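Student: Sequence unavailable; structure follows:
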């Protein structure tokens, strides 16, 4: 998986950087998971993974390329205040089901 930052725009009001990215994931590979993309973006931008929130991601028809957008906040707390709940859930690992105590 190769990730490339297409554009980046600073948003000082919301204390974040709005990033457009492109991922080449190879013809035999499937579209990468949101968590993998979040880690790759954090590594590319040299920031902690907790401040990166992937907004959307879609694979281009007939190609092994995906495009998307993400918000990178200065602090994780700012992101938790601004981002909608469904985006927060999508950017966190799924919770393991709790076993019932019998």
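Tutor: Happy to help now that I have it. It should be emphasised that the depicted structure is a prediction, and the values quoted were computed from it without experimental measurement. Residues are numbered from 1 along each chain as shown.

Student: so where's the protein shaky on pLDDT?
Tutor: 99-102 (pLDDT under 70).

Student: quick one: the helices in it?
Tutor: 34-45, 76-82, 85-90 (DSSP state H).

Student: Tabulate these in TSV, adding columns for distance to residue 97 and mean neighbour count.
Tutor: Where you see a C-beta, it was placed from the backbone N, CA and C, and this is true even at glycine. Conversion of the helices of the chain to TSV gives the following (distance: least, Cβ to Cβ, whole Å; neighbours: other Cβ atoms under 10 Å):
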stretch	distance to residue 97	mean neighbour count
helix 34-45	18	17
helix 76-82	24	14
helix 85-90	16	12
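
Student: From residue 38, how far out is residue 55?
Tutor: As for residue 55, its distance to residue 38 is 11 Å (criterion: Cβ to Cβ, to the nearest Å).

Student: How about residue 7?
Tutor: 18 Å.

Student: and for residue 55 and residue 38, which residues touch both?
Tutor: Counting by Cβ atoms under 8 Å, 6 or more residues apart in numbering, the shared contacts of residue 55 and residue 38 are residue 70.

Student: Right, I'll leave it there.
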